[in-house]
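*Asks:* what would the 3D arrangement of this be:
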Amino acid sequence: MHDDKTRLRVVHEFVKRFRRQGNRQTVWGWKFKPGGRYTHRMSYRIVEKPIPDDPRRGVPDPRLLARWNANIAAGEPLPQSVDDFRRAWNRTSSVDLAPAVTKTERRVQGRSGPIRVLAFRPEGPGPLGAIVHIHGGGFIAVTPEAAENVCRLLAQKSGALVVSVDYRLAPEHPFPAGLEDCWDVVQNVHDSAADWGVNPRRLAVSGDSAGGNLSAACCVLDARSAQRRIAAQLLVYPAVDLRTDAEGGVRWSADSYNVPADQTLAWASIKYFVGGGEFFSRAYLQDRSADDPTASPIVANPADFPPTLVVTAEFDGLRVAIDAFSRRLADAGVALRAVRYLGIEHGCYTEVGVYPQAADAVDEVASFFNAATAEKILGKMTAVGRTLKALVAWARAKGFLGTAS
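*Replies:* Reported below is the predicted structural model:
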């Protein structure tokens with residue numbers, strides 16, 4: 001049995017590891033850049049990052065506004081069908097900012113057959129950390145190629161092997177087919193770590209939108225397993241609640257947004273995913289219940305999740321449910337960092353080289369990954385026999401780290 005001083009030293013080591021040199025500040029060991037500001041409406045704190053050179057809330061980034069206006073001028077219709085979404089969302093204007101990262105295509109044997117993955121390896125000696133990346137696309141669209149540039153940049157910034165999963169898509173393959181593919185890849189990367197050239201104790205999942213849902217669902221499955229494989233989850237505007245209002249889902253409210261009424265294009269972007277979310281949920285779940293924790297991770301036991309990064313966009317209809325999810329994790333003592341980018345919409349994360357916020361978000365993901373999976377900390381955590389979230393909860397209960405407010 002380890003005493004209180006031993007546990008406190010472990011927490012202290014994590015806090016020290018997360019601190020960064022330079023002009024960054026720290027609060028309870030969580031870093032934020034100058035210019036980021038905290039909001040205090042909930043039981044956890046959100047680091048708000050403003051538009052570059054514009055501190056205002058509720059106004060679109062000029063690059064995003066230019067894209068909206070260009071789409072309107074071109075008369076480009078919004079996607080309406082599965083085929084429409086696949087054509088629209090497989091296009092990308094992102095830029096390769098990490099050309100030195102090498103890409104290989106592999107096949108992982110899953111329960112339903114081979115699963116195609118793209119592996120992005122940065123320069124440097126191994127064994128590396130590993131991030132299994134799960135792309136977004138409403139469960140119905142997008143391939144790993146559309147997310148290639150964000151995976152390349154993430155590999156370069158994190159120094160980790162990034163494995164992007166080409167999971168089966170709905171409606172042809174409804175829930176839980178895509179999730180099974182993702183979970184099979186997570187298990188394979190961990191259990192065959194030597195073959196991948198990675199350290200199995202430094203494994204995380206990452207994903208945006210629907211991919212954030214699948215990443216969190218993998219953590220739910222991981223909590224059910226006898227062997228905890230996932231050391232951190234890195235979620236970018238994740239779809240954590242697929243329930244409708246009638247099914248008990250988190251009720252959306254415009255009052256949660258500090259966006260002026262005259263910002264009509266911003267409101268259209270926000271409401272697009274409020275109204276369209278049910279379309280993707282129906283295509284994915286079909287006749288299955290959204291109350292399953294692997295379908296709606298918000299209903300899972302929050303204490304089962306590993307250290308978590310949650311990145312959100314100001315103009316995102318999913319934000320209300322994501323904030324509720326983050327609050328549940330924070331209240332359960334899960335180590336959580338929440339970051340919100342002002343002036344951008346859902347979907348901007350993969351547009352590296354287009355929006356500066358995308359590259360900054362990749363830096364957030366990489367930094368959190370390296371802090372949460374630091375080899376020294378994981379070794380100590382194994383020695384005391386519990387995960388970081390329990391240690392942080394214990395330290396807060398003892399008054400060593402203060403309390404979130």
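*Asks:* tell me the secondary structure for the spatially most central residue of the chain?
*Replies:* Centrality entry for the chain: nearest residue to the mean C-alpha point is L235, 1.1 Å, by Cα atoms, centre = their mean. Three-state call for L235 (DSSP: H, G, I helix; E, B strand; the rest coil): strand.
*Asks:* hang on, it packs against G212?
*Replies:* Yes. Assessed by Cβ atoms under 8 Å, L235 is found in contact with G212 at 4.2 Å. For the C-beta atoms, the positions are set from N, CA and C on the backbone; glycine is no exception.
*Asks:* ok, now how distant is the residue nearest to the centre of the chain from G211?
*Replies:* 9 Å (Cβ to Cβ, to the nearest Å).
*Asks:* report the beta-bridge partners for the residue nearest to the centre of the chain.
*Replies:* G207, V310 (DSSP bridges).
*Asks:* for stretch 113-127, which positions count as buried?
*Replies:* Neighbour-count burial for stretch 113-127, counted by 16 or more other Cβ atoms under 10 Å, picks out 115-122, 127.
*Asks:* okay, these in a markdown table with distance to V274 and pLDDT next?
*Replies:* Shown next, in a markdown table, are the buried residues of stretch 113-127 (distance: Cβ to Cβ, whole Å; pLDDT from 0 to 100):
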| residue | distance to V274 | pLDDT |
| --- | --- | --- |
| I115 | 32 | 98 |
| R116 | 33 | 98 |
| V117 | 33 | 98 |
| L118 | 32 | 98 |
| A119 | 36 | 98 |
| F120 | 33 | 98 |
| R121 | 39 | 98 |
| P122 | 38 | 97 |
| P127 | 43 | 95 |
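*Asks:* what's the closest of these to L285?
*Replies:* Within the buried residues of stretch 113-127, the smallest distance to L285 is 21.1 Å, found for I115 (Cβ to Cβ).
*Asks:* wait, a helix at that closest one?
*Replies:* No. Counting by three-state DSSP, I115 is located in no helix; its state is strand.
*Asks:* which neighbouring elements make contact with the longest helix anywhere in the chain?
*Replies:* Taking DSSP state H as the criterion, the chain has its longest helix at helix 264-285. The contact analysis (3 or more Cβ pairs under 8 Å, 6 or more residues apart in numbering; DSSP states H and E) places helix 264-285 against helix 62-74, strand 308-315, strand 336-345.
*Asks:* if we use 7 Å, what do you get?
*Replies:* Counting contacts by 3 or more Cβ pairs under 7 Å, 6 or more residues apart in numbering; DSSP states H and E, helix 264-285 is packed against strand 308-315.
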